[in-house]
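1. Sharing a model that was predicted from the sequence below.
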Amino acid sequence: MSLKLGKSFNRSYKLRLPIMNGFYNVGLFFDKRSTFLLFKVDPDFSEAELKHNLVVNMYKNLESSRFCETFIKLHNFRKNTLDICNQFDKIKDEFTHEVSFILNETITLAKVDLGDGKEVFDTLNIYGFTINSYIDEFIFLLTERHNIQKRLGKKIVRTSGIQIASSRSIEFLNEMHEEFLTSGKAGTEKKYPTDKVIKFSDVDGG
């Protein structure tokens, strides 16, 4: 079934991601004038039963993701000309041996002249990660929308994510997350509001 974009979206970008002897086709739908973004996920496996071993979760707030809280450093900043929420900074230094990049792409939508010789770019940045111990069973896709509001002279950055994972990799992630929380590195344990995580399967994931 085709997806009708409607008035909320006027751009799309597609990725084909290999995982467990098959693929997930991931569509990113967004608007060139805002930070709003939507995922569309379609499994593509020659053996139909394989897709049932994978759990797909979408995160509107990356702070709700156990993967991000454990392994990824996020950046927040706000002033008159910048409004940044959960921008990707880096893989945390202590976990560079556990997590690797599988994707790093930037789609430039426009170059905006803010005056006084200052030029900024309206972009969609896409980062893909895997857990090294489960390189064929785990994908975390982090999308970062940089939208320039020219009339306000402001850049707004918003992020979201999607996780595709086997039950074995989720179990490992949960163990790593629990160790991270109890190690004292995490500070106060955070709660995970259910409305921040959209689950695409009936299996509970991390």
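-> Looks like it came in fine. In this text, all values refer to a predicted model and were calculated from it rather than measured experimentally.

2. Please give the element, helix or strand, for I126.
-> For I126, the host element (DSSP states H and E) is strand 118-131.

3. Show me how far whatever helix or strand comes next after that strand is from its chain's centre.
-> Next helix or strand after strand 118-131 toward the C-terminus (DSSP H and E): strand 138-149. Offset of strand 138-149 from its chain centre (Cα atoms, centre = their mean, to the nearest Å): 6 Å.

4. Please name every helix or strand in contact with the strand holding I126.
-> Applying 3 or more Cβ pairs under 8 Å, 6 or more residues apart in numbering; DSSP states H and E, we find strand 118-131 packed against strand 11-19, strand 22-30, strand 82-91, strand 99-115, strand 138-149, helix 167-182. Backbone N, C-alpha and C define where each C-beta goes, glycine included.

5. give me that answer again for 10 Å
-> Here strand 118-131 touches strand 11-19, strand 22-30, helix 66-71, strand 82-91, strand 99-115, strand 138-149, strand 154-166, helix 167-182, going by 3 or more Cβ pairs under 10 Å, 6 or more residues apart in numbering; DSSP states H and E.

6. now that strand, how far from the chain's geometric center?
-> 11 Å.

7. quick check: mean pLDDT across that strand?
-> Averaged across strand 118-131, pLDDT comes to 92.

8. Specify the angle between that strand and helix 167-182 in degrees.
-> In terms of direction (axes from the mean of the first three to the mean of the last three Cα atoms, to 10 degrees), strand 118-131 departs from helix 167-182 by 110 degrees.
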